[in-house]
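Asks: build the 3D model from these lines:
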Amino acid sequence: VACAEGLMLSTAGKRWEAAPKDGGGMAEMVPQPLLDSQFGSPSTGLVYTPPRYSDHIGTGLVFEFEGGLQGCRLETDDPQTKAAQPHRQWKGITSFFKRA
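Replies: Residues are numbered from 1 along each chain as shown. Sure thing, here's the model as predicted:
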């Protein structure tokens, strides 16, 4: 049962279409309600996008704070915050196209 339930959650009730493998081009865009269907409960926490948007999937999570988010602030210059974001130190793809 868990496998079948996971399949239904990860394919929006089998409404997501697989990317074509026959060379026929990208699938048409999907309606917004289908995209929004993955943000309800229960959720896998995986955020699927149609192939025209991206070939990656994101992850989502919900934080629940007592009293809301008042006073909650991300300290971007904090050493611990910077250490948790090593991807910011990587070169962008455009850096490979600069003249030497």
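
Asks: just for this structure, where's the confidence low?
Replies: Residues of the chain that meet the criterion pLDDT under 70 lie in 1, 19, 24-27, 50-52, 69, 100.

Asks: go again with 80.
Replies: In the prediction, the chain carries residues with pLDDT under 80 at positions 1-2, 6-7, 9-12, 16-30, 38-44, 48-56, 61-76, 87-92, 95-96, 98-100.

Asks: residue boundaries of the helices in it?
Replies: 2-10, 32-36, 79-83 (DSSP state H).

Asks: of the ones you listed, which is nearest residue 90?
Replies: Among the helices of the chain, helix 79-83 comes nearest to residue 90, with 13.5 Å by C-beta to C-beta. C-beta: built from backbone N, CA, C; applies to glycine.

Asks: what's next to the closest one, contact-wise?
Replies: Outside of helix 79-83, the residues within contact range by C-beta atoms under 8 Å, 6 or more residues apart in numbering are 74-76, 88.
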